[in-house]
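> sequence first, then the predicted structure, then my questions.
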Amino acid sequence: MRVFTAGETMVLLDGVEGGELEPGMPFRLRVGGAESNFAIALRRLGVDVAWASRLGSDPFGDFVVRTLEAEEIDLRWVTRDGAPTGVFFKWHEGGESRVLYRRAGSAASHLSPADVPDSALDGVALVHLTGITVALSATARETVLSVARRARERGCIVTFDPNYRPALWAAPRAAAEAMAAVLPHVDWYLCGRAEGELLLGASSPEQVIEAARAAGAGDAVVRVGAEGALVRQDGQPVLVPPLRVEEVVDEIGAGDGFAAGFAYSLLQGREPARCARAGNQVAAAALRGTGDWETYPRLGELDLV
């Protein structure tokens, strides 16, 4: 079973030490991006994953390629062009992660439906897309909609994470309106409680699920922090708690890890609660270390009973 995803991956300058920005503050060079995070997490579980994007023909683009090749991601649908590879900075201040993007006009913002030919979806069982790509540009938005539509027509499972980032949108309403066209082509809407309530006008995780279904999604699962995830099974909401509550080192990448664990179990034909259990475990591993994906687990480290 093959999985396909598409979106922007950037070079990440990750603060080594906590605290506010100061002269001489050390940063570690990494890569990060919602869809490539998902791809790495799923590949570590033994699933073949192809990732499509645009990268600059620059040293940062080379660095992204080398990093993802080392994780055995299929990069045949990656295009290099003259626009720059995006960059973002992350540091830890006041007990939380702070992020600053430098991605305007990046190569990935030039993504278009032509970058994902029909042949890219041959043999694919599941497609994963996110709202971050919807935010990059009009052509990137068209790409997400086109891929979701074509994947659904082919009978692929389509998962979608809104991955709402305030810095990428003028307002929550703009994000919700832009993503609305995608939802009728989505089998599973995967979101965090706060973003789901904000984007769908809900006031509880249960209402988020119903609102996502009313907007056209087949179903939804809502991450509820230390409580785990809420999912419908046999028509009823079921709260799936984590195996244990983690001490959070860095929360970035946990949602992408959850999506990968959930997708892995979907591909195995497991019921929604077991899919959420797997998602919780991959997300928990992400919380244990810095970087977007470096602490994602291998299949043998998960308890998938």
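Okay, I see it.

> mind listing what's buried in the helix-or-strand element of the chain with minimal mean pLDDT?
Evaluated with mean pLDDT, DSSP states H and E, the helix-and-strand set of the chain has its lowest mean pLDDT in strand 96-102, which scores a mean of 86. If you call a residue buried by 16 or more other C-beta atoms under 10 Å, then strand 96-102 has these buried ones: S97. Where C-beta positions appear, they are placed from N, C-alpha and C, glycine not excepted.

> what's that strand packed up against?
Contact here means 3 or more C-beta pairs under 8 Å, 6 or more residues apart in numbering; DSSP states H and E; on that basis strand 96-102 packs against strand 87-93.

> what about the strand it packs on, average pLDDT?
Computed over strand 87-93, the mean pLDDT rounds to 89.

> do the same with stretch 58-74
98.

> what do you get for stretch 204-212?
98.

> what's next to it, contact-wise?
Residues from elsewhere that reach stretch 204-212, judged by C-beta atoms under 8 Å, 6 or more residues apart in numbering: 183, 189, 191, 193, 196-197, 200-202, 219-222, 224, 230-232, 237.

> doesn't V11 fall inside a strand?
Yes - secondary structure of V11 (DSSP: H, G, I helix; E, B strand; the rest coil): part of a strand.

> which strand residues bridge it?
Applying DSSP bridges to V11 gives these bridge partners: V31, V87.

> just checking, what packs against the longest strand anywhere in the chain?
Among all segments of the chain classified by DSSP state E, the strand with the greatest residue count is strand 48-56. If contacts are counted by 3+ C-beta pairs under 8 Å, 6+ apart, strand 48-56 sits against strand 2-6, helix 34-43, helix 59-70, strand 78-81.

> just give me the neighbour total for the closest residue to H110 other than its chain neighbours.
Residue nearest to H110 in three dimensions, not counting chain neighbours: R54, with 5.5 Å by C-beta to C-beta, 6 or more residues apart in numbering. Counted by other C-beta atoms under 10 Å, the residues lying close to R54 total 24.

> and what of W293?
The local packing count at W293 equals 26, with neighbours defined by other C-beta under 10 Å.

> next, the angle strand 87-93 makes with the least confident helix or strand of the chain.
Strand 96-102 and strand 87-93 meet at an angle of 160 degrees, taking axes from the mean of the first three to the mean of the last three C-alpha atoms, to 10 degrees as the criterion.

> any idea which helix or strand comes after strand 96-102?
Next along the chain after strand 96-102, taking DSSP states H and E as the criterion, comes strand 124-130.

> other SSEs contacting that next one?
Using 3+ C-beta pairs under 8 Å, 6+ apart, strand 124-130 sits against strand 2-6, helix 34-43, helix 138-153, strand 157-161, helix 254-267.

> what's the first helix or strand after that strand?
In the C-terminal direction from strand 124-130 (assignment by DSSP H and E), the next one is helix 131-136.

> quick one: contacts of that next one?
6-8, 33-35, 103, 106, 108-109, 111, 140-141, 143-144, 160-165, 168-169, 175, 178-179, 182.

> in terms of contact, does A176 touch E197 like I think?
No - under the contact definition of C-beta atoms under 8 Å, A176 does not touch E197, with a separation of 11.3 Å.

> burial measure for E197, as a count.
Counted with other C-beta under 10 Å, the neighbours of E197 add up to 18.

> for it, phi and psi?
Taking degrees, to the nearest 10, you get phi -70, psi -40 for the backbone angles of E197.

> ok, now how distant is it from A178?
Using C-beta to C-beta, to the nearest Å, one gets 18 Å for the distance from E197 to A178.

> now swap in T133 and tell me
11 Å.

> likewise L198?
As judged by C-beta to C-beta, L198 and A178 stand 14 Å apart.

> same question for L136.
Computed as C-beta to C-beta, the L136 to A178 distance reads 11 Å.

> of those two, which one has the most company?
In this comparison of L136 against A178, neighbours counted by other C-beta under 10 Å, the higher total goes to L136 at 22 against 18.

> where does the more buried one land on pLDDT?
If you check L136, the pLDDT there is 96.

> ok, back up a step: out of the helices and strands packed on strand 48-56, which one sits most buried?
Each of those was scored by mean neighbour count; the highest is helix 34-43, a mean of 28, by mean count of other C-beta atoms under 10 Å.

> what is the orientation angle of that one with strand 124-130?
Using the same axes, to 10 degrees, the interaxial angle of helix 34-43 with respect to strand 124-130 works out to 140 degrees.

> check what pLDDT L287 gets.
The model's pLDDT for L287 equals 76.
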